[in-house]
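Trainee: I'll drop the sequence and a predicted model, then ask my questions.
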Amino acid sequence: MSVGFSVDKESVRRSAKASTDHGSLTLNYYEAGPEEPTGVGGDLPLVMLHGGGPGASSWSNFGPALPRFASTFRTLLVDQPGFGGSDKPPVVGNYFRFSADYVVALLDELGIDRVHLLGNSLGGGTASRLAIEHPDRVGRLILMGPGGLSLNLFHADPTEGVKRLMDFNLEPTRESLRAFISTMVVNQDLVTDELVEERFADATAPGAREAMISMGMSFYDPASAEDGMLWREAHKIRKHTLLTWGREDRVNPLDGAMVALKAIPRASLHVFPNCGHWAQIEAADEFAEVATSFLARHVERTPQ
């Protein structure tokens, strides 16, 4: 897939206040894409929501993919609460709902009515919750090994990737971070010293570890954990939904896709061979082709 331009990180960096019943916070995001509608995908902007591992951010997950999508769509990579350059408040309730509420507030602040949503792992859970609670704000939905919707039918819980994540939270070292990142991909050449250093710096920045622990506890606290079991509400997602999975995903294994695929009325599944949890990185060209083609089929109708 040809890309006609590159994107400089700082030139596309933005921030805005988002306010919900839980208070106001500043969300960091990156925006690029055509200034005028292209006639593709119902002319809706595309919001991309990252995963939740140590040092995760919208740029670390989707920065390299941004030119591929921004060549067609107005594209916003959003740092979810607690990650990247966004504020890091304690999570109130379940994280998926907490983050989804702030993403909607950000869209309100930016004057954006409806968007396509693309979410990876933790971001897939946020995108799913947003689509359930605010269907009028969503065009199409792309979910990459999404949290919450993934229900492991054959694999044990916690999975290998989640165990390595927990290990890092207990002992935040470069070695434990490298062990975690190694579970993200099949191709271990992608686990470079530079990547480990970059993620380690972000994971140990002021407030980052506390924010990650607060996020994680929202899935274990009995008062909020059940709200994160999105597989029980998958049938409520009425949007055209593309589930994407790496065949060798060791964080949210492929068998976890089956319940969502069955329950979401308009769901389809694309599986990337020889690929782990980071399809947007490990299968970058194929992922962009599949995702943009799926979004391009969107036709604007009265919101459902």
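Mentor: Happy to help now that I have it. Numbering: from 1, shown residues only.

Trainee: which stretches of the stretch 101-250 of the chain aren't confidently modelled?
Mentor: Under the criterion pLDDT under 70, no range of the stretch 101-250 of the chain is flagged.

Trainee: ranges for the strands of it?
Mentor: Secondary structure of the stretch 101-250 of the chain by DSSP state E, counting those that start in this stretch: the strands cover 115-120, 138-144, 241-246.

Trainee: Determine which stretch of those is the most buried.
Mentor: Among the strands of the stretch 101-250 of the chain, strand 115-120 has the highest mean neighbour count (mean count of other CB atoms under 10 Å), at a mean of 29. All C-beta atoms are positioned from the backbone trio N, CA, C, and that covers glycine.

Trainee: and that strand, which strands flank it?
Mentor: The pairing partners recorded for strand 115-120 under DSSP bridges are strand 46-49 (parallel), strand 138-144 (parallel).

Trainee: Now do the first one: distance to the chain's middle.
Mentor: Read it as strand 46-49. Relative to the centre of its chain, strand 46-49 is centred 8 Å away, using CA atoms, centre = their mean, to the nearest Å.

Trainee: In JSON lines: the strands paired with strand 115-120, plus distance to Trp59.
Mentor: As requested, the strands paired with strand 115-120 are arranged in JSON lines below (distance: least, CB to CB, whole Å):
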{"stretch": "strand 46-49", "distance to Trp59": "10"}
{"stretch": "strand 138-144", "distance to Trp59": "16"}
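
Trainee: Out of these, which is closest to Tyr30?
Mentor: Evaluated over these, closeness to Tyr30 peaks at strand 46-49, with 9.1 Å, by CB to CB.

Trainee: Quick one: residues in contact with that closest one.
Mentor: With contacts defined as CB atoms under 8 Å, 6 or more residues apart in numbering, strand 46-49 is touched by 33, 58, 61-62, 65, 69, 73-78, 80, 99, 103, 107, 115-120, 122-124, 126-127, 295.

Trainee: Now with 6 Å, please.
Mentor: Contact with strand 46-49 is made by 62, 69, 73, 75-78, 115-119, 123, 126-127, as judged by CB atoms under 6 Å, 6 or more residues apart in numbering.

Trainee: What's the separation between Met184 and Ala205?
Mentor: 20 Å (CB to CB, to the nearest Å).

Trainee: Of these two, give the one with the bigger neighbour count.
Mentor: Neighbours were counted for Met184 and for Ala205 using other CB atoms under 10 Å; Met184 has more, 23 against 14.

Trainee: Looks like the more buried one contacts Gln280 (just checking).
Mentor: No. With contact defined as CB atoms under 6 Å, Met184 does not count as touching Gln280 (11.1 Å).

Trainee: just to revisit the earlier point, in CSV, list the strands of the stretch 101-250 of the chain along with distance to Pro54.
Mentor: Formatted as CSV, the strands of the stretch 101-250 of the chain follow (distance: least, CB to CB, whole Å):
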stretch, distance to Pro54
strand 115-120, 15
strand 138-144, 18
strand 241-246, 19
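
Trainee: Between these, which one is closest to Glu289.
Mentor: strand 241-246 (11.6 Å).

Trainee: Any buried residues in the helix or strand following that closest one, and which?
Mentor: Following strand 241-246 in sequence order, the next helix or strand is helix 257-263 (DSSP states H and E). For helix 257-263, a neighbour-count test (16 or more other CB atoms under 10 Å) marks Ala257, Met258, Val259, Ala260, Leu261, Ala263 as buried.
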